[in-house]
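*Asks:* Pasting a predicted model and its sequence here:
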Protein chains: 2
Amino acid sequence: MKPTITIEYCPKCGWMMRAAYMAQELLTTFTDDIYGVTLHPSEINGRYTISVNDEVLFDRKKEGRFPEIKELKQLIRDKVNPEKSLGHSDKK
Amino acid sequence: MKPTITIEYCPKCGWMMRAAYMAQELLTTFTDDIYGVTLHPSEINGRYTISVNDEVLFDRKKEGRFPEIKELKQLIRDKVNPEKSLGHSDKK
């Protein structure tokens, strides 16, 4: 079974569209590497986390910011397909 | 555990954005009624199905068309929260 990415977001904070945007970026890049992306409205205010299966890779509260897309793709890539090149998203 | 909606779509057909749009419609309407929406790129060409847990509620191949949003919300509502009013989406 391919891994599932979950984006848990605070709907009251207005973060649904941000979460949906990130989901589409990940689905475009990792189409064949993942089972899918789950958008999960959180019951916890201010929550914005991104997980692979049950492992949290990014937590807004801990980082004090949202992830950049390039950074997020690198985090996910390292978990789901470490050999995969991300093209220009790999350059620092 | 609240139900999970899955939208399985054919990525080669260019249906990711359509699936993401429908996911956002459902997340907006059913924020408190569902665990979330999973966007699942299909390995089957031409696939576009919408399921609640493992029950398929709409299958593009069977219907010969994509669902309308109003219709889709009614199908989902009947499964996840039959008492819920959909406002103007309930009028025929």
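*Replies:* Nice, thanks for sending it over. All of these numbers come straight from a predicted model, not from anything done at the bench.
*Asks:* need the strands for chain A, in chain order.
*Replies:* Taking DSSP state E, the strands of chain A run over residues A:4-9, A:36-41, A:48-52, A:55-59.
*Asks:* Compare the ones you listed and give me the one nearest chain B.
*Replies:* Ranking those by proximity to chain B (Cβ to the nearest Cβ) places strand A:36-41 first, at 3.6 Å. Backbone N, C-alpha and C define where each C-beta goes, glycine included.
*Asks:* what distance separates that closest one from the middle of the whole chain?
*Replies:* Relative to the chain's own centre, strand A:36-41 is displaced by 9 Å; criterion: Cα atoms, centre = their mean, to the nearest Å.
*Asks:* got a list of what the residue most central in space within chain A touches?
*Replies:* Taking Cα atoms, centre = their mean, the centroid of chain A lies closest to A:I50, which sits 4.4 Å from it. Contact analysis of A:I50 by Cβ atoms under 8 Å, 6 or more residues apart in numbering or on different chains lists A:I5, A:T6, A:I7, A:E8, A:M22, A:V56, A:L57, A:F58, A:P67, A:L72, A:L75, A:I76.
*Asks:* same question, A:I5
*Replies:* Contact analysis of A:I5 by Cβ under 8 Å, 6+ apart lists A:A23, A:L26, A:F30, A:I34, A:G36, A:V37, A:T38, A:I50, A:S51, A:V52, A:I76.
*Asks:* same thing with A:N45?
*Replies:* Taking Cβ under 8 Å, 6+ apart as the criterion, A:N45 is in contact with A:C10, A:K12, A:C13.
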